[in-house]
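J.: Whatever this is, show me its structure:
(2 chains, ligands or ions: 2)
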Amino acid sequence: MEHRIEVDAAELSRFAPHDHPLWWGILGAVAIEAAVVANLLTSYFYLAAQAEAWPPDGVDPPALLWPTLVLFVLPLSSLTMWWAGKGSDAGRRRQLALGVTASVGLASLALVFRSIQIAEFDIRWDEHAYGSILWAVTGFHYTHVVSAIVGTAVVAVLAWRGYFTPERQLGVVVDTLYWYFVAGVFLPIYLVLYWAPRLL
Amino acid sequence: MTDATAPDGTRGRGAGGARGHGAEPEGLPDYVRGGRDGLGEAELAELERTWQSPPGFLAWFTHVNHTNIGRRFIITSLVFFALAGLLALAMRLQLAQPLNDVLGPEAYNQVMTVHGTAMMFLFAIPAMEGAAIYLAPLMVGARDMAFPRLNAFGYYVYLIGGTVFFLSLPFGLAPDAGWFNYVPLSSKEFSAGYGIDVWTTMITFIEVSALTAAVELIVTILKLRAPGMSLDRMPIFVWAVLVMSFMILFAMPSVIVASALLMMDRLVDTAFFDAALGGSPLLWQHLFWFFGHPEVYIILVPALGIVTSIVVTFTRRSVFGYAALVLAIVGIGMVSFGLWVHHMYTTGLPLMGRSFFMAASAMIAIPSGVQVYCWIATMWGARVRFATPMLFVLGFFAIFIAGGLTGVMVASVPFDRQVHDSYFVVAHFHYVLVGGSVFPLLAGLYYWFPKATGRMMSERAGRWSCGLVFVGFNLAFFPMHQLGLEGMPRRVYTYLPETGWTLLNQLATAGSAILALGFAITLANAALSLRRGAPAGDDPWDGPTLEWATTSPPLNCNFARQAVVQSGNPVWDRRRAEVSAHVGGLRTDRRETIVTTVLDARPHAVQVLPGPTPWPFVSALVASAAFLGLIFTPWAYVLGFFAAFVTFVLWFWPRRPWRED
Ligand code: HEM
Ligand SMILES: [Cu+2]
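T.: Ligands and ions are numbered 1, 2, ... in the order given. Prediction:
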C-alpha cells in the first residue's frame, strides 16, 4: 500500500473565529432556543383560542411603555456589541472592551425596565392560564437576558485583561451571535405578549 | 486487505477493556510498531500519547474522546434496556394468569410507566446516540467530535438522570401515569406525591443530553468530514445520523416545554393544564405528541442507517439508489413532524383535522417504501453473506414491515377509534419499536463489535440468539393483536377468567421468556468474546467506510493520518488502487483535526481540540442537583442557574499558555 499526502494542513488557520465549529454549535443552540420560543408562543395562541375572553374579564393587557423601551434598548446593545466586534477584528482592544461593557450596561438597564414592568402585571401566574403563560414567557426571556449578561460580563473581564487578539477572539464572536439572538427574539415575544391581546 | 500489505501489524490488537484507557504511557505500545498510514513510529507514538485518555478511576471522569463517550452511552443504554426488560417480564408474569397477584395495581402502574419511559428515553434514543457518537466521527474520518467536553457533559447528565429515574422505583416514588403522562391524571389533584415530579424533571434533564448530542453530531458531520467527502459521498448511516440530530433539535423542545409547564403547574400552581382556570389538558397532548411522534422516527432513522451499512457490506455492493435513499430519509424526517395528531383521534378533533392527519400518516408509507425497494434492489442477484448481522437485518425487515402494516391500519380514523388503547396498539408499537430499534441495534452490535473491541463475537451463539429473539418476539407480541381485537385494554393490571383472554396471554408470556433468553445469549456472547473472541483485524467484514481504515479498536487519535477520499466507498477504493491518500501537516503534540467546508468538504482550517478535563463532570453534577431540587422547590431554578454558570466559566476559562499560532 502506497501512502500519499494530498492535503497539507500545516499552513491552514488554527483560529478561523468566524467559521469555527463552535460558531456552528452556537447556531445549533440558537435553533433549539428558537424552537422553545415557538412552542411557548404557539401554546399562548392555543390557550387564547380556547379561552372565552383573553385576557380574562377584568384583567388589562400589560402596559406598553416599559416593554417598548426594552424593544429599543436591546437592539442598541446589539449595536454596541457589533461595534465591539469591529474593534476586535481590527485589533483595537480598547474598543472591544468598551463595547462589550456598554452592552452589559444597556442590557442591565433593559432588565430594570423588565422588572418594573413585571411588577406591574395585572394578574398573577396562579390565577388563570393567561397569567401563567404571560409569566412563563416573560420569565423565559428574562432568564436569557440574564445569561447573556453574565456570559458577556466574563468576556468583558477577559477583554479588559487583554486576552483577545484578532485571531484569538472566538469567545467574542460566539457571544455576539448569542447576544443577537437574545435581542432579536424579543420582537416576536413583544408582538405576541403586548399586541396580540389588544388586536385579537 | 489493507493490513496485509501495510507494515502496521495491527491484527489482533488487544481486547476492548485495556485499550482506549491507553495502557502504557511510557513504553511503545505494540500497535504503533512500524508506524501507520506512512506516519513514522515515533510520531505515531507521540500522537497516541497526545490523544490518550488517562488511566485510573479518578481520571475516568476526565475522559472526553468520542470513542470513550460513545462506548459509555451504548453500555449504559444496554443496562437500562436490561432493567426495563426485567420490568417487562414482571408485567408479563402478572398477566400470565387472570386475577394474578405478582404485581398489585399501584405497582403495575409504576412498573409499566417506568418500563415504557425507560425504553423510550433511557434506552432507544441514547443507544442510537451512542452508536452515532461512536461511529459518525470515524465514518467521516475525523479525529474526534467538534465539542468533546460537551459530549462528556451530555453523558453524565444522561447517566445521573437515568439512574435517579430508575431509583425512584425501589424507593416507591416512581411515576405511574404512563409514558405519555397525560394530564389531568398527572396533575397534582389526581397524582399527589413526588412520582410525577420525578418524571417531569428527569425527562427534561435527560433531553438536555439528547440536545447536546444532536448539536455535537450536526457540527461534527457538517464541519469535520475528511477532505473530499462531499455531502454526496457521505455514508448513508451518517446521513441518517444527521437527520436524526435535526429531528432531535426540533422535536425535543416540545417535550421540554410540556414538562416544564407541568412542573410549574405542580410546583407553583400555574394553570396551563387546569381547565377550571382557563388551561387546556389537550395542550399537553399536542405538545407531547409533537415530540412523541417524531421520537419514534428519531429511533428509526439511525436504525435505517445501520441496516443500510450492513446490507452494503454483506452484499459487497454500493447501495442502489443512493440519492433516493437520502431523499427518503430526509423525507421521513420531515413528514414525521406532520403526523402527531394521529395519536389524538379519539379526543374529539374536528373532522377536517382528522382527515388531514390521516392522509399525512398514510403518506409516510411512500418514503418508507422507497427505502425497502432500494434495499431489495441492492440485494437482488448479489451473493449475500448471511452472517449474524445480516440475519438480524432480515429479522428487522420481517418485523418492521409487519409493524408498518398495522401502522397503516391504525392511521385510519375509523379503525383507530376501534382499537385505541387496546392491546392491538401495544402489539403495533412493539413491532415497530423492537423491529425498528432492537433488531438493527443487535445487528449493529454484531457488526461493529469487532471494530470497537478488536475481537469477533461468536457466530454460533449469534445465530441462536437471532433465532430465539425472532421466535420469542413474535410469540410474545403477535397474540396481542388478537387480544386487542377481542377488546383487552392496555394498561390493565389483570383481567377476569370469563374474558377468555388467558390462553393468548400465556402464549405472550411464554414468548417473552424465550425473547429474554435470546437477549441473554447475546449479552453473554459479548461478555465472553471481549476476552476470548477471535482477533478481528482492521477490517473483518470487508467494509467500505472509513471506520474500517483504522485499527480495531480505533487508535486514540482515530487515524494516524486523516484520509482524503474520492468516492463513497473509500476503503474499497484504497484496496483496489493500492494507494491511500492522506492529510499531512497536523501537529502530533496537541489534538488537531481538519475542518472542511459544509458542502464539498474542501479543507479550510484546523480545529484544536481540548484534552481530558473534569469540568464537564462537575457541571453535570451541579446541574443534576439543580434539577433534583426542582422536585421540591422553585428556588432550585435560581440557585442552579448561577451555580451552573460558575462551573461553565471554570470550564471555558482560557488556560495559560494561551495559544499564539
Ligand atoms: C423486549 C421485550 C419487551 C417486552 C416483553 C415488553 C412488554 C411490555 C408490556 C407487557 C407492556 C405493558 C402493556 C400494558 O400494560 O399496557 C409494555 C408497554 C410498553 N412498552 Fe414494552 N416490552 C418490551 C420491549 C419494549 C421496547 C424495546 C420498547 C421501546 C423501545 C418498549 C416500549 C414500551 C412502551 C412505550 C410501552 C407503553 C407504556 C405505557 O403504556 O405507558 N417496550 N411493554
Ligand atoms: Cu405517531
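
J.: residue ranges with poor pLDDT in the chain?
T.: Answering for chain A, as no chain was given. Chain A contains no residues with pLDDT under 70.

J.: Chain B, not that one
T.: Using pLDDT under 70, the flagged stretches of chain B are B:1-27, B:656-661.

J.: at 50 instead, please
T.: B:1-25 (pLDDT under 50).

J.: contacting residues around residue B:633?
T.: By Cβ atoms under 8 Å, 6 or more residues apart in numbering or on different chains, the contact set of residue B:633 is residue B:267. Where you see a C-beta, it was placed from the backbone N, CA and C, and this is true even at glycine.

J.: same deal with residue B:449?
T.: Contacts of residue B:449 (Cβ under 8 Å, 6+ apart): B:455-457, B:526, B:529.

J.: hmm, try it at 7 Å
T.: Applying Cβ atoms under 7 Å, 6 or more residues apart in numbering or on different chains to residue B:449 gives the contacts B:457, B:526.

J.: Would you pull up the residue in the stretch 51-200 of chain B closest to chain A?
T.: residue B:146 (4.0 Å; Cβ to the nearest Cβ).

J.: the longest helix in the chain is where?
T.: This is for chain A. helix A:129-160 (DSSP state H).

J.: meant chain B actually
T.: Max-length helix for chain B by DSSP H is helix B:281-315.

J.: And chain A, is that one touching that?
T.: Yes. Using Cβ under 7 Å from any Cβ of the partner chain, helix B:281-315 reaches chain A at B:283, B:286-287.

J.: Run through who's touching the helix or strand just after the longest helix of chain A.
T.: As assigned by DSSP states H and E, the chain's next helix or strand after helix A:129-160 is helix A:170-184. For helix A:170-184, contacts defined as Cβ under 7 Å, 6+ apart pick out A:17-18, A:20, A:22-23, A:26, A:30, A:33, A:74-75, A:77-78, A:81, A:85, A:88, A:96, A:103, A:144-145, A:148, A:151-152, A:155, A:158, A:164.

J.: Next secondary structure after helix A:170-184?
T.: helix A:186-190.

J.: for that following helix, packing partners?
T.: helix A:65-90, helix A:129-160 (3 or more Cβ pairs under 7 Å, 6 or more residues apart in numbering or on different chains; DSSP states H and E).

J.: Go again with 10 Å.
T.: With contacts defined as 3 or more Cβ pairs under 10 Å, 6 or more residues apart in numbering or on different chains; DSSP states H and E, the packing partners of helix A:186-190 are helix A:21-50, helix A:65-90, helix A:129-160.

J.: between the second one and helix A:170-184, how many degrees?
T.: Okay, so that is helix A:65-90. Put simply, helix A:65-90 runs at 160 degrees to helix A:170-184, going by axes from the mean of the first three to the mean of the last three Cα atoms, to 10 degrees.

J.: Helix A:65-90 and chain B in contact?
T.: No. Counting by Cβ under 10 Å from any Cβ of the partner chain, chain B has no neighbours in helix A:65-90; the shortest distance is 15.0 Å.

J.: Mind listing what's buried along that helix?
T.: Within helix A:65-90, the residues that count as buried by 16 or more other Cβ atoms under 10 Å in any protein chain shown are A:66-67, A:69-71, A:73-74, A:76-78, A:80-81, A:83-85, A:87-89.

J.: do stretch B:553-570 as well
T.: B:553-565, B:568-570.

J.: need the contact list for the residue of chain A found nearest ligand 1.
T.: For chain A and ligand 1, the shortest gap (Cβ to the nearest ligand atom) falls at residue A:39, measuring 22.5 Å. Listed by Cβ atoms under 10 Å, 6 or more residues apart in numbering or on different chains, the contact partners of residue A:39 are B:250, B:253-258, B:260-261, B:286-287, B:290-291.

J.: This completes my enquiry, with thanks.
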